[in-house]
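Novice: sequence and computational prediction follow.
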Amino acid sequence: MPKPMPKSFGWLIQPLFTIFCLLVIMLLAFPVTATPALATGLYSMPQTASSWVLDEADQISRLNQGKIESELEQLATQTGDEVRFVTIHRLDYGETAQTFADELMERWFPTAEAQANETVIVLDDVTNNIGISVGDQSAKALTPDIAESVISETMKVPLLRGNQYNQSVLNATDRLVAVMSGEPDPGPPEYDSTIDTDRNFATAEETEATRGSSTVVVVVLLIAATVIPMATYYWYISAGG
């Protein structure tokens, strides 16, 4: 018959059991992978384009949003060309800002005729990547070269200088209104040529990889914190036998 556990270790039973229960609850509740609900998918967006600025990432101030919308409304009235900015916080896995911009264009404006005078710009504030989709008629003024410069220079530079989202969209609005109104292209803002406008932040893949590594470490620590006390407890019981 096993001997009773020494009284000197009896005080460990209740604390160890409590710790074990807490760690099990934490382990079950901990998100082992990125929560899909936090990502933005195409079908989580409005069915129709109901505003000039859709700030899902909550990065544009109310004052600036009002100013931008007023300018874009005036542009649409005067030229028929419509520009819509969309900011989001994290895309679904496999999506890019460019693919999302193209998909939004298709969702909001299903036909070539409906797309003709439309421009959709998507900014993901997790990666600071930007995508642009331009209709055929609008592309006569907003040429592919200018469109690329708008997202890679006019919008990107303020982001590289401290995530200046308001300035990024304001600058883009001013340039787009000028170009699409038939005025000379003011070009991108001046910037230090040593700045890498193509890459100065973690990609979505790197962000997910880092999050995944951190998750593994935390899970391993939780398991170790659970197993070690229990193993110690059973060792004490065995030692008493």
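Specialist: All right, it came through fine. Numbering: from 1, shown residues only.

Novice: for Y191, give me its contacts.
Specialist: By CB atoms under 8 Å, 6 or more residues apart in numbering, Y191 lies in contact with E153, V157, L160, R161, T197. C-betas here are computed from N, CA, C, even on glycine.

Novice: now a ChimeraX select for only the buried ones of those.
Specialist: Here is the ChimeraX command that selects only those of those that count as buried (16 or more other CB atoms under 10 Å):
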select :153,157,160
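
Novice: and which of the contacts of Y191 is nearest L63?
Specialist: Nearest to L63 among these: R161, at 20.5 Å, using CB to CB.

Novice: ramachandran angles for that closest one?
Specialist: For R161, the backbone dihedrals (degrees, to the nearest 10) come out as phi -100, psi 30.

Novice: now for it: which residues touch it?
Specialist: Neighbouring residues of R161 by CB under 8 Å, 6+ apart: Y191.

Novice: list the buried residues in the helix or strand where L63 lies.
Specialist: In the assignment (DSSP states H and E), L63 maps to helix 62-79. Of the residues in helix 62-79, N64, Q65, K67, I68, E69, E71, L72, L75, A76, T79 count as buried by neighbour count, 16+ other CB under 10 Å.

Novice: quick one: mean pLDDT for it?
Specialist: Averaged over helix 62-79, pLDDT sits at 98.

Novice: got the CA positions of that helix in PDB?
Specialist: Extracted in PDB, the C-alpha atoms of helix 62-79 (Å, rounded to 0.1, in the frame of the first residue of the first chain):
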ATOM      1  CA  ARG A  62     -13.700  63.500 -39.700                       C
ATOM      2  CA  LEU A  63     -12.400  67.000 -40.700                       C
ATOM      3  CA  ASN A  64     -10.200  65.600 -43.500                       C
ATOM      4  CA  GLN A  65     -12.800  63.100 -44.600                       C
ATOM      5  CA  GLY A  66     -15.300  65.900 -45.100                       C
ATOM      6  CA  LYS A  67     -12.700  67.900 -47.100                       C
ATOM      7  CA  ILE A  68     -11.800  64.900 -49.300                       C
ATOM      8  CA  GLU A  69     -15.400  64.000 -49.900                       C
ATOM      9  CA  SER A  70     -16.300  67.600 -50.800                       C
ATOM     10  CA  GLU A  71     -13.500  67.700 -53.400                       C
ATOM     11  CA  LEU A  72     -14.400  64.300 -54.900                       C
ATOM     12  CA  GLU A  73     -18.100  65.200 -55.100                       C
ATOM     13  CA  GLN A  74     -17.100  68.400 -56.900                       C
ATOM     14  CA  LEU A  75     -14.900  66.400 -59.300                       C
ATOM     15  CA  ALA A  76     -17.700  64.000 -60.100                       C
ATOM     16  CA  THR A  77     -20.100  66.800 -60.700                       C
ATOM     17  CA  GLN A  78     -17.700  68.700 -63.100                       C
ATOM     18  CA  THR A  79     -16.200  65.800 -65.000                       C
END
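
Novice: helices or strands next to that helix in the packing?
Specialist: Packing partners of helix 62-79 (3 or more CB pairs under 8 Å, 6 or more residues apart in numbering; DSSP states H and E): strand 53-55, strand 82-88, helix 165-180.
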